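J.: Would you be able to build a 3D model of this:
(2 chains)
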Amino acid sequence: MRVSQLFGKTLRDEPAEAETVSHRLMLKAGLIHQVAAGVYSYLPLAWRSLRKIEQIIREEMEAAGGQELRMPALQPRELWEQSGRAEAFGPTLFTLQDRRERAMIIAPTHEEVITSIVRANVRSYRDLPLILYQIQTKFRDELRPRGGLIRVREFDMKDAYSFDPDEDGLDNSYRAMVQAYKNIYSRCGLPYLMVEADSGAIGGKDSHEFILLAESGEDVVIQCATCGYAANAEKAKSVKPPQKMESLLPLGEVHTPGIKTIEDLARFLGVPKSKTLKAVFYWADGQVVFVTIRGDLAVNEVKLKNALRATDLRLATSQEVEAAGLVAGSASPIGLKGIKSVADDSILLGFNFVVGANKPDYHLRNANYPRDFAADVITDIALAEEGQGCERCGSPLGQARGIEVGHVFKLGTRYSETFGATFLDREGVQRPILMGCYGIGVGRLLAAAIEQNHDEKGVVFPIAISPYAVYLCPLQMNDPQVSQAAESLYKTLLEEGVEVLYDDREESPGVKFNDADLLGLPVRLVVSSRTLREEIVELKRRKEQKPRLVPWAEVSVTLKDTLAGE
RNA sequence: CGGGGUGUAGCGCAGCGGUAGCGCGCCUGGUUUGGGACCAGGAGGUCGGUGGUUCGAACCCACUCACCCCGACCA
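T.: Next up, the predicted model:
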């Protein structure tokens, strides 16, 4: 491809809209064009890159036994009412009416449709196992799209679905998909992290996410460098340090004027935060929930949501708290009546806690469970944090931010039961099919790859997903010797099947070098009157500072070696 | 939805009551050519929209729309 013909311009000024690195670089390098919030066009360079990613995904899906198909984005809303997900997705679901005023949706994902298809086509255990996948555009009306291609409202996703007759089969399919995912990221040249993930209120058991570490990531990962434990912070567990055994002391009131926070309380009374209990109020599906957790820990809302089996959870407003007869800042689990209560199991790991007295400016000392208070549910609802102990090996946990670029899930029979996707087993018994689902955001993967692979000058593409492999850069196009040499090298490389972007513009060297660095193709070849005199070509890897000088006759061999080593 | 911010030429910005400017990019000609060259000439804007105030509005007021950031939310 000739740069003079290429559609898409690089920008000299930093686009003001973009803060996230990948967003900024993709706009600046002319890879994408924004149409609306969270809606982008892919320009030719980005599209090449995306197609390469898709191709890798396809190959690995096929290798894992997947069969590609294609489902519609436009679907009857009825299907989603049936699965209960119209409500679960809420306003995130793009909704419209057709001319007959039938309610339609534009699909955010495809469990409903794939299950319907499979129901119609699978009768017997002989039809299983099955892995079906597609690469298709999804639509989600996210409340806040962000970071260029990181979180968008229209995006391409590879979604795969597995169908098995039993748990063992599901385990096998899951393992095969996990392996395929690992292969995909490796082949893309992207170091990834596989972490345990929350499967949500309606999910199945196992779920893992594939994360590319990046500062701009939306997800927090908790990991143990010693034993390798890694989990999304939403899911992660950690050791809650136990307190020393103490004999239980009698409950007693203490005056705490103006003290409302745990920090102030601990300082005022001269006790560690772990000797206090924190009260937090949530609003779960229309009622106030009283949450108790040890003062040194924070509530993990995903765990809490799961513990409550709630679909809608948020912090309660002060009005809601007041209406429930609670005193914020001095609320107490003691004497709680008529309010749903959840406690973190950390309340079992300590003695003689300071708690609220449920009247302003007073707290109670020496509260002990179960002597002084009760809770409807006691379970782990604490947020694992950096520095806490690993649940598996006890070593201190680390914490990092990352971008979720893949998610695998064991769905079980959630959808097969709803849609009646069953099969007859060997004994002639009708049973629901066990399902798994497996997603990769293609555009997000490209964005995340750029987040991970760039420097101050621009993108540094891993070769497997780079739009082209080589940037051929003649410096004086008006010098016939240079342009002829460059033309002939271009043709040779094309004939040899090298993917080359040929900068045939009559631009100054600075412009060309800067564009080359910005776009970040793995190898740059420079032809100039100077190199021509010495019968060499300058070959520079984007990752390295220093170029190599290669004799003209050896260019194509050396180039191929270099590309093979990328 | 709450908080913050921005809408003026393709991109980056200035102008903040007197009828629109700068840099980059773009077009023409010439000179240049190893890290975003130079000279000369030129094209390009209903100043996000609507309504109001005013002799006069890019500028003041009201409403509205869009976009960005933080949070909430989010397979």
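
J.: In chain A, which residue sits closest to RNA strand B?
T.: As assessed by CB to the nearest atom of the strand, RNA strand B sits closest to residue A:510 within chain A, at 2.3 Å. Using the backbone N, CA and C atoms, a C-beta is placed for each residue, glycine as well.

J.: Okay, and that residue sits in which element?
T.: Secondary-structure element containing residue A:510, defined by DSSP states H and E: helix A:509-519.

J.: With residue A:35 instead?
T.: Counting by DSSP H and E, the element that carries residue A:35 is strand A:32-36.

J.: gap between the very next helix or strand once past that strand and the chain center?
T.: On the C-terminal side of strand A:32-36, the nearest following helix or strand under DSSP H and E is strand A:39-42. Relative to the mean C-alpha coordinate of its chain, strand A:39-42 is positioned 20 Å out (CA atoms, centre = their mean, to the nearest Å).

J.: same for strand A:39-42, what does it pack against?
T.: Using 3 or more CB pairs under 8 Å, 6 or more residues apart in numbering; DSSP states H and E as the contact test, the elements touching strand A:39-42 are strand A:32-36.

J.: hang on, the earlier thing: within its sheet, name the partner strands of whichever helix or strand comes after the helix holding residue A:510 and how each one runs.
T.: Later in the chain than helix A:509-519, the nearest helix or strand by DSSP H and E is strand A:523-527. When pairs are called by DSSP bridges, strand A:523-527 turns out to pair with strand A:470-474 (parallel), strand A:536-541 (antiparallel).

J.: now the angle from the longest one to helix A:509-519?
T.: Spelled out, it's strand A:536-541. Strand A:536-541 and helix A:509-519 meet at an angle of 40 degrees, taking axes from the mean of the first three to the mean of the last three CA atoms, to 10 degrees as the criterion.

J.: Following element in sequence after strand A:536-541, please.
T.: Later in the chain than strand A:536-541, the nearest helix or strand by DSSP H and E is strand A:548-551.

J.: Who does that next one pair with, and is each partner parallel or antiparallel?
T.: When sheet partners are counted by DSSP bridges, strand A:548-551 sits next to strand A:536-541 (antiparallel).

J.: Touching the partner strand from outside, list them.
T.: With CB atoms under 8 Å, 6 or more residues apart in numbering as the contact definition, strand A:536-541 has outside contacts at A:489, A:522-528, A:531, A:546-552, A:555, A:558-559, A:562, A:566.

J.: can you tell if it touches RNA strand B?
T.: Yes: legend: contact between strand A:536-541 and RNA strand B by CB under 7 Å from any atom of the strand is shown at A:538, A:540.

J.: just how off-centre is that strand within its chain?
T.: Between the centre of strand A:536-541 and the centre of its chain there are 38 Å (CA atoms, centre = their mean).

J.: buried ones in the host helix or strand of residue A:80?
T.: Using DSSP H and E, residue A:80 maps to helix A:77-83. Judged by neighbour count (16 or more other CB atoms under 10 Å), helix A:77-83 contains these buried residues: A:77, A:79-80, A:83.

J.: Is it possible to get a markdown table of those that adds pLDDT and distance to residue A:266?
T.: Rendered in a markdown table, the data for the buried residues of helix A:77-83 read as follows (pLDDT from 0 to 100; distance: CB to CB, whole Å):
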| residue | pLDDT | distance to residue A:266 |
| --- | --- | --- |
| A:77 | 95 | 52 |
| A:79 | 95 | 53 |
| A:80 | 94 | 49 |
| A:83 | 92 | 48 |
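
J.: TSV for the residues you listed, including distance to residue A:267?
T.: Formatted as TSV, the entries for these read as follows, by distance: CB to CB, whole Å:
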residue	distance to residue A:267
A:77	55
A:79	57
A:80	52
A:83	51
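
J.: still on that earlier bit, elements contacting the helix holding residue A:510?
T.: Packed on helix A:509-519, when contacts are counted by 3+ CB pairs under 8 Å, 6+ apart, are strand A:458-459, strand A:470-474.

J.: Could you list every helix and strand in contact with the first one?
T.: With contacts taken as 3+ CB pairs under 8 Å, 6+ apart, strand A:458-459 sits against helix A:21-28, helix A:509-519.

J.: for the stretch 151-300 of chain A, which spans come out with low pLDDT?
T.: Per-residue confidence of the stretch 151-300 of chain A (counting by pLDDT under 70) places the weak regions at A:200-204.

J.: rewinding a little: which one of the helices and strands packed on helix A:509-519 is the most hemmed in?
T.: Using mean count of other CB atoms under 10 Å, the stretch among those with the greatest mean number of neighbours is strand A:470-474 (a mean of 26).

J.: Residue A:352: neighbouring residues, count only.
T.: The local packing count at residue A:352 equals 17, with neighbours defined by other CB atoms under 10 Å.

J.: same check, this time on residue A:143
T.: Here the count is done by other CB under 10 Å, and residue A:143 has 8 residues near it.

J.: which SS class is it?
T.: With DSSP: H, G, I helix; E, B strand; the rest coil as the basis, the three-state label of residue A:143 is coil.

J.: For residue A:387, list the residues it contacts.
T.: With the criterion set at CB under 8 Å, 6+ apart, residue A:387 makes contact with A:396-397.

J.: For it, grab phi and psi.
T.: phi 90, psi -20 (degrees, to the nearest 10).

J.: mind checking how far it is from residue A:420?
T.: With distances taken as CB to CB, to the nearest Å, residue A:387 is found 50 Å from residue A:420.

J.: for residue A:170, same thing?
T.: Here the distance between residue A:170 and residue A:420 works out to 19 Å (CB to CB).

J.: who's more crowded, the two?
T.: The neighbour comparison of residue A:170 against residue A:420 (other CB under 10 Å) goes to residue A:170, with 25 against 11.

J.: In a strand, the more buried one, correct?
T.: No: looking at residue A:170 with three-state DSSP, it is helix, so not inside a strand.

J.: is it true that it touches residue A:164?
T.: Yes: at 4.5 Å, residue A:170 and residue A:164 qualify as touching, with contact defined as CB atoms under 8 Å.

J.: who touches both of the two?
T.: A:434-436.

J.: Include secondary structure and pLDDT when you put those residues into a markdown table, please.
T.: A markdown table is the format used below for the shared contacts of residue A:170 and residue A:164 (DSSP: H, G, I helix; E, B strand; the rest coil; pLDDT from 0 to 100):
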| residue | secondary structure | pLDDT |
| --- | --- | --- |
| A:434 | strand | 96 |
| A:435 | strand | 96 |
| A:436 | strand | 95 |
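
J.: that older thread, and the helix holding residue A:80, how far from the chain's centre?
T.: Averaging C-alpha positions (CA atoms, centre = their mean) puts helix A:77-83 26 Å from its chain's average.

J.: contact partners of it?
T.: By CB under 8 Å, 6+ apart, the surrounding residues in contact with helix A:77-83 are A:86, A:89, A:93, A:95, A:103-105, A:111-113, A:116, A:415, A:418-419.

J.: So is the lowest-mean-pLDDT helix or strand in chain A next to RNA strand B?
T.: For chain A, using mean pLDDT, DSSP states H and E, the weakest element among its helices and strands is helix A:318-323, scoring a mean of 76. No: under the criterion of CB under 7 Å from any atom of the strand, helix A:318-323 makes no contact with RNA strand B; the nearest approach is 13.5 Å.

J.: got it, and stretch A:482-494?
T.: No: between stretch A:482-494 and RNA strand B, judged by CB under 7 Å from any atom of the strand, nothing touches; the nearest distance is 8.6 Å.

J.: What residues of that stretch count as buried?
T.: Of the residues in stretch A:482-494, A:482-483, A:485-487, A:489-490, A:493 count as buried by neighbour count, 16+ other CB under 10 Å.
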